[in-house]
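Chemist: Pasting a predicted model and its sequence here:
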Amino acid sequence: MNVKVGIEKARVYPSSLALAMSALCEARGHDPADIRDVMMIDERSVNPPYEDPVTMAVNAALPMLTEEDKRSIGLLLVGTESGVDQEKPMSTWVQRYLGLSSRCRNMEVKHACYSGTGSLQLAASYVASGIAGQDGKALIITSDQSRMHFGKPYEFVMGAGATAILVSKTPRLFELEFGKSGVYTNEVSDLTRPTSRVETGNSETSLLSYLEALDAALGHYLERLGEPVDYSYFKKNIYHVPFGGMTARATRAALRHFGDYSKAEARKIWEAKTLPSLSYVRRMGGTYASSTFIALLALIDNCDDLRPGDRIGMYSYGSGCCAEFYSGLIGRDARAAAAEARALDLLDRRRLVSVREYEEAERERTCWIDCGDFEVSRDGLDGWYDRHYRGNGYLVFKGIRDHYRQYEWS
């Protein structure tokens, strides 16, 4: 395919609050070195009760979209496993509050952490097909928040956040390589959200499924490539990030396709090719379908040796399961496009909360699940709503009236 399609611009929304893992480890009696050095998590994002997956989606996308972008977007896909309604898709609220055209096809997409990559591939094909016209674009948004897991082993890998990805024929940031992808799917019940309150599963089963799917998806990628290559075929590599340390295991698994490497050699390769992609996500905790896109922004921001046309290997895994290994090229204006996202600045602007404040926010959000009438309080958190939100044009969640969700601008 001669047409160039990919990511024109991208933005991350890490919410407005953060919890230091050192504080959580102290409160739970857990070794902080395990979380910091093995899991590779320093902080996790926390939502105040007046934010939810809809507000994060809108707040991620709105600052990056021009009026021309809004007119050109003919497809909106919102990937999430944190849906707020069993029938009404989040994409309808997102379309409304972003001011997109009434002729914009929109859907909520669910496939665990794969929903973002799956949506990206669908959107790229849509744009490349010409259905949307010569200047047609698609908007992909990933938005998730974890459930309440106080005192459980996996509390440390929870988090919140959203990304917005504008797909067009002007791939300033990242150009997809059509045909260079490998897919693997296999039904497995590793992690699930069987009710509106429960998020559960078997972490060991999920990690093994992640690695099995990587082996198969990368094998399919190499088979479709049709020519022998080594790992240097990719300038850098990004792997789905349930937690940062998992990407080191993923690197070792991927390297088996390219030869015999010692643990020390694999570690060195991981440090050069993948570690720079983790600087943002390790400050947000679990970001679900957003993780690979956040990693891409971090990689471009952190790696001075990246040049336009350099190939990046990307791996996405979604519990359930579906996985994809694909590749793309660094865009001609990638560094400027990534800088426009201001990811580091947004991370630094979050307010650090105490463990008590984190628990209060999570308890308040959880107590209202499945309630048909309530109003969210904007008190607490030391006046954070007035200091950060009021008058600054964020979309906020007001509450629910007669089972209908209410939103307004701050």
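Modeler: Thanks, I have the structure now. Numbering: from 1, shown residues only.

Chemist: Let me know how buried Gly285 is, in neighbour terms.
Modeler: Applying other CB atoms under 10 Å, we find 29 other residues in the vicinity of Gly285. Just so you know, the C-beta spots here come from the backbone N, C-alpha and C atoms, and that holds for glycine as well.

Chemist: residues in contact with it?
Modeler: Neighbour list for Gly285: 41, 43-45, 146, 156-160 [criterion: CB atoms under 8 Å, 6 or more residues apart in numbering].

Chemist: Go again with 7 Å.
Modeler: 41, 44-45, 157-159 (CB atoms under 7 Å, 6 or more residues apart in numbering).

Chemist: quick check, Ser316 in a strand?
Modeler: Yes: Ser316: assigned to a strand according to DSSP: H, G, I helix; E, B strand; the rest coil.

Chemist: Tell me the bridge partners for it.
Modeler: Listed beta-bridge partners, Ser316: Glu324 (assigned using DSSP bridges).

Chemist: tell me, how many neighbours does it end up with?
Modeler: 28.

Chemist: just checking, it touches Phe325?
Modeler: No: taking contacts as CB atoms under 7 Å, Ser316 lies outside contact range of Phe325: 8.0 Å.

Chemist: Redo the contacts of Gly285 as JSON lines? Include distance to Met107, pLDDT and neighbour count.
Modeler: Formatted as JSON lines, the contacts of Gly285 follow (distance: CB to CB, whole Å; pLDDT from 0 to 100; neighbours: other CB atoms under 10 Å):
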{"residue": "Ile41", "distance to Met107": "32", "pLDDT": "98", "neighbour count": "27"}
{"residue": "Arg44", "distance to Met107": "29", "pLDDT": "98", "neighbour count": "28"}
{"residue": "Ser45", "distance to Met107": "26", "pLDDT": "98", "neighbour count": "26"}
{"residue": "Val157", "distance to Met107": "28", "pLDDT": "96", "neighbour count": "21"}
{"residue": "Met158", "distance to Met107": "26", "pLDDT": "97", "neighbour count": "22"}
{"residue": "Gly159", "distance to Met107": "25", "pLDDT": "98", "neighbour count": "28"}
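
Chemist: Mind telling me what element the closest residue to Phe234 other than its chain neighbours is part of?
Modeler: Leaving aside its chain neighbours, Phe234 sits nearest to Gly313 (3.9 Å; criterion: CB to CB, 6 or more residues apart in numbering). Here Gly313 sits within strand 311-318, counting by DSSP states H and E.

Chemist: tell me what that strand is packed against?
Modeler: helix 203-225, strand 236-239, strand 322-330 (3 or more CB pairs under 7 Å, 6 or more residues apart in numbering; DSSP states H and E).

Chemist: let's see it at 10 Å
Modeler: helix 115-129, strand 174-185, helix 203-225, strand 236-239, helix 246-255, helix 291-302, strand 322-330 (3 or more CB pairs under 10 Å, 6 or more residues apart in numbering; DSSP states H and E).

Chemist: Now for the residue minimising distance to the centre of the chain: which residues touch it?
Modeler: By CA atoms, centre = their mean, the mean C-alpha position of the chain lies nearest to Ser290, the distance being 0.5 Å. Counting by CB atoms under 10 Å, 6 or more residues apart in numbering, Ser290 touches 12-14, 56, 60, 79-80, 113, 115-116, 141-144, 159-165, 241, 281, 284.
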